[in-house]
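Asks: Here is my input, please return the structure:
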Amino acid sequence: MALNVVEKIDRFIQINNVIISTYDKSGLDVLVEKILEVNPEVKIYSTGNTYAKLKEVFTDKIRSNLIAIADYTGQPEMQGGLVKTLDFKIYLGLLSETYNNEHQADLNRVRGVAVDMVVSNLYPFSEVIKSEHTTPEIARSHIDIGGPCMIRAAAKNFIRITVVTDKKDYSLLASELHKNKGKISLELRFELAKKAFLHTAQYDTAISEYLINREFTEIAECYHRL
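Replies: The predicted structure is shown next:
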C-alpha cells in the first residue's frame, strides 16, 4: 500500500457535520446548544439512545438539524444495536481529506458528507468489571467496537476533524467555536486527538488485562452454565 502523504491542510475547519454517539450523555444538551448558536445550519448525525436523548431535549428546535445515522447510511441498526456506526459511508466521511480529489470523488459517489467533528465516549468496561457479580460474558458484552473504531479514525484525521472523548472539554470546545466563528483550530484538533488515542489505549488495556487475568477454566465454566 502506497503512503498517503498530505501536503495541504487548513488551520481552521468550519464545523458543519457532527457525529454524536456517546454512552455518557451528560452535558450534550449544552454542547449541542452552543454548536447551534454559532452555526444554526449544522447537521448532527446520531445513533440509538443518543439520538433519542437529543430529540427529547431539543424537540422542534433541533428537528431539522438532527439526523439518525441509520437514515443517513440507509442501513438500520443491526444485531440488537451492536452495529450502528460501522458503515462504509461513515468512514469515507471520517477519513476523507479536503484536498485529495480521489477522496472527494469517493465521498461524492456515495453521496456522503465530510464529518468535521466526532463526539463519542465508550461503554464503561472498567466500571463493569469492578463488580464481583460480573461474569466473563457480561464483561464481553460491554466491549465497545464501533466507538473505538470511529474515535481512532477521527483522531487519525485530526488534520480535518475534531474528536471529543472527554465531556470536560465541552466548555473548551464551545469557547473555541465562539472565538473562531464556528471553526476549530488545528492546535485544538491536535490536542484532542492525543486525548482520543489515550482514551482508546486505556480502554483496550483494561480489556486485555481483564482477559489476561482470566483462566480458560473460568471462561469454560461461565458458558457451560448458560
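Asks: For the strand or helix carrying residue 206, buried residues please.
Replies: Residue 206 belongs to helix 186-212 when assigned by DSSP states H and E. Along helix 186-212, these residues count as buried under the neighbour rule (16 or more other Cβ atoms under 10 Å): 186, 188-189, 192-193, 196-197, 199-200, 203, 206-207, 210. The way it works is simple: take the backbone N, C-alpha and C, and place the C-beta from them, glycine included.
Asks: Give the buried residues for the helix or strand following that helix.
Replies: On the C-terminal side of helix 186-212, the closest following helix or strand by DSSP H and E is helix 216-224. Judged by neighbour count using 16+ other Cβ under 10 Å, the buried positions of helix 216-224 are residue 222.
Asks: Which other helices and strands does helix 216-224 contact?
Replies: With contacts taken as 3 or more Cβ pairs under 8 Å, 6 or more residues apart in numbering; DSSP states H and E, helix 216-224 sits against helix 136-141.
Asks: mind listing what's buried in the helix it packs on?
Replies: Of the residues in helix 136-141, those buried under the neighbour-count criterion (16+ other Cβ under 10 Å) are 136, 139.
Asks: State the mean pLDDT of that helix.
Replies: Averaged across helix 136-141, pLDDT comes to 90.
Asks: got the CA coordinates for it in CSV?
Replies: Provided in CSV are the C-alpha atoms of helix 136-141 (Å, rounded to 0.1, in the frame of the first residue of the first chain):
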residue,chain,number,x,y,z
PRO,A,136,-16.9,-13.1,31.6
GLU,A,137,-20.0,-12.9,29.4
ILE,A,138,-21.2,-9.7,31.0
ALA,A,139,-17.7,-8.3,30.6
ARG,A,140,-17.5,-9.4,26.9
SER,A,141,-20.9,-7.8,26.2
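Asks: helices or strands next to it in the packing?
Replies: With 3+ Cβ pairs under 8 Å, 6+ apart as the test, helix 136-141 has helix 125-128, helix 216-224 packed against it.
Asks: what's in contact with it?
Replies: 125, 128-129, 210, 214, 218-219, 222-223, 226 (Cβ atoms under 8 Å, 6 or more residues apart in numbering).
Asks: just the residues you listed now: which is nearest residue 152?
Replies: Within the contacts of helix 136-141, proximity to residue 152 (Cβ to Cβ) peaks at residue 125, which comes in at 16.3 Å.
Asks: okay, now that closest one: neighbour count?
Replies: Using other Cβ atoms under 10 Å, residue 125 has 19 neighbouring residues.
Asks: which residues sit in contact with the residue most central in space within the chain?
Replies: Centrality entry for the chain: nearest residue to the mean C-alpha point is residue 120, 3.8 Å, by Cα atoms, centre = their mean. With contact set as Cβ under 8 Å, 6+ apart, residue 120 has these partners: 19-22, 147, 150-151, 154, 163-165.
Asks: can you give me phi and psi for it?
Replies: For residue 120, the backbone dihedrals (degrees, to the nearest 10) come out as phi -150, psi 140.
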